[in-house]
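[1] Prediction below, plus the sequence it came from.
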Amino acid sequence: MGKYFGTDGFRGEANKNLTYEHAIQIGRFLGWYYGTSQGKKAKVVIGKDTRRSSYMFEYALCTGLMASGADAYIMHVTTTPSVAYITRVDDFDCGIMISASHNPYYDNGIKLFNGKGEKMDEETILKVEDYIDGKITIPVSERDAIGRTVDYVAGRNRYIGYLISMSKYGFKDVKVGLDVANGAAWSIARGVFDALGAKTYVINDSPDGYNINTDCGSTHIEHLQKYVVEKGLDIGFAYDGDADRCLAVDEKGNLITGDHILYIYGLYMKERGKLLNNKVVTTVMSNFGLYKALDKVGIEYEKTKVGDKYVYENMVQTGNRIGGEQSGHIIFSKYETTGDGILTSLKLMEVMLAKEKPMSELAAPVVFYPQVLKNVRVKSKPDAQNDPDVKEAVDKVAAELGDSGRILVRESGTEPVIRVMVEAESDEICEKHVDAVIDVIRAKGHME
């Protein structure tokens, strides 16, 4: 990770940590890097979510791009995966999404995609950061070399058509609930389900610039759970602010996590001979119950660091076809280069309709193990995690748990914190083992 950009873009409170000047600089560099430096005019596509500040960042990015001679194609309010898709299929030099995903409205972020619709490589990101820090100088464009903006709502419409074409079944008479989080899915999701014939019920679809993710969407799934039961719906889907992830609710109101989705669709692929390498890709934070369920049906798995970026990198390197996170970032590499909440919804609908089974039955084999995670503030993350006595305590817990649970100790990427997590057959067992490791960290003087 760089100085400004993390695993999911440059994110911070609008005009505090992430400012309009940053956006202008990012636009300036990308317009020059993909255009003038290569003797051509760059084409860059931009999308945004519904945050108040997204308009400011959109105009700032466009200003920077045009000043460097690039043409900026504006998709307006749209989802992150739509920007990735259109960047790839419409031959843009790069794509930009303005969103802070599931964060509150006062935060925002800038996500960058290369011409293949993939998250931009670290080397280019570091060059962007060098320009922000004044280590690189670039010229401004003049006269006929100055860029322009182009209204590109047609790109969003093309993406909607693509989603509709992804469904193998019509949804006639299926009652579907959608929580669009007052975010980017607001302009897309309902139209897709209506076009496929569903009886669509939508909540939190009145964005005002301030209510994105506020007590709604995938971070507050309890509202959709209640809504699905009250309305007698067959299934519900909840998205985050930029709709790159999806959580579901079965007909009984039970939560269907990303881990459930990996199991349900991974098994569906295996049964049809479509699960290349017989593997699904998870992160280290997937629940132990997922691995037990996959073991029972003979599906193998790989574990990556936390972040859909690392999941996708694994899929590219290995050819694995499905991967994701418990939070609902699910990647179907045959169809997309990033997590896509609405596509995930359509894929779950496909399994439900193909197997003619309710979602509760499809998800039943995944029985989540209790989990306890505690954050420990430390003076030095490497010193605490690499301490021989701490390692010995972790190994002792792992040995005691055997194949009935697991322990995970990892560093926070943003705070001076060590996260100690145990999954086991009961909360009491989890608490005992987590506290045993924390006691050693404390006794060795690593805690702040």
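    Arrived safely, thanks for sending.
[2] State the helix or strand in which Tyr310 lies.
    Using DSSP states H and E, Tyr310 falls within helix 308-318.
[3] Mind listing what's buried along that helix?
    Asp308, Lys309, Tyr310, Val311, Tyr312, Glu313, Asn314, Met315 (16 or more other Cβ atoms under 10 Å). For every residue, glycine as well, the C-beta is placed using N, CA and C.
[4] With stretch 392-401 instead?
    Ala393, Val394, Val397, Leu401.
[5] Next one, pLDDT for the last one please.
    What that stands for is Leu401. At Leu401, the model reports a pLDDT of 94.
[6] and it, what are its phi and psi?
    Torsion angles at Leu401 (phi, psi; degrees, to the nearest 10) stand at phi -70, psi -40.
[7] ok, it - contacts?
    Ile407, Val422, Ala424, His433 (Cβ atoms under 8 Å, 6 or more residues apart in numbering).
[8] okay, those residues in CSV with secondary structure and distance to Gly324 next?
    Shown next, in CSV, are the contacts of Leu401 (DSSP: H, G, I helix; E, B strand; the rest coil; distance: Cβ to Cβ, whole Å):
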residue, secondary structure, distance to Gly324
Ile407, strand, 23
Val422, strand, 23
Ala424, coil, 24
His433, helix, 27
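[9] Among those residues, which pair sits farthest apart?
    Greatest spacing in the contacts of Leu401, by Cβ to Cβ: Ile407 and Ala424 (8.9 Å).
[10] So for the two, which residues contact both of them?
    Common neighbours of Ile407 and Ala424, counting by Cβ under 8 Å, 6+ apart, are Leu401, His433.
[11] for stretch 359-379, the distance to its chain's centre please.
    Put simply, stretch 359-379 sits 18 Å off its chain's centre (Cα atoms, centre = their mean, to the nearest Å).
[12] can you check stretch 335-350 too?
    12 Å.
[13] what mean pLDDT does that stretch have?
    Mean per-residue pLDDT for stretch 335-350: 97.
[14] again, but for stretch 8-16
    For stretch 8-16, the mean per-residue pLDDT is 94.
[15] Quote the end-to-end distance of that stretch.
    Stretch 8-16 has its terminal residues 18 Å apart, counting by Cα to Cα, to the nearest Å.
[16] still on that earlier bit, helices or strands up against whichever helix or strand comes after the helix holding Tyr310?
    As assigned by DSSP H and E, the chain's next helix or strand after helix 308-318 is strand 322-324. Other elements packing on strand 322-324 under the criterion 3 or more Cβ pairs under 8 Å, 6 or more residues apart in numbering; DSSP states H and E are helix 258-271, strand 279-283, helix 308-318, strand 330-332.
[17] what would those look like in JSON lines with distance to Leu290 and mean pLDDT?
    Conversion of these to JSON lines gives the following (distance: least, Cβ to Cβ, whole Å; pLDDT from 0 to 100):
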{"stretch": "helix 258-271", "distance to Leu290": "4", "mean pLDDT": "98"}
{"stretch": "strand 279-283", "distance to Leu290": "7", "mean pLDDT": "97"}
{"stretch": "helix 308-318", "distance to Leu290": "14", "mean pLDDT": "94"}
{"stretch": "strand 330-332", "distance to Leu290": "13", "mean pLDDT": "98"}
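[18] Ok, which of those comes nearest Val440?
    Closest among those, using Cβ to Cβ: strand 279-283, at 25.8 Å.
[19] List the contacts of the closest one.
    259, 262-263, 266, 290-291, 294, 299-307, 310-311, 314-315, 318, 320, 322-326, 331.
[20] out of those, which are buried?
    For the contacts of strand 279-283, a burial check counting by 16+ other Cβ under 10 Å picks out 259, 262-263, 266, 290-291, 294, 299, 301-302, 304, 306-307, 310-311, 314-315, 320, 322-326, 331.
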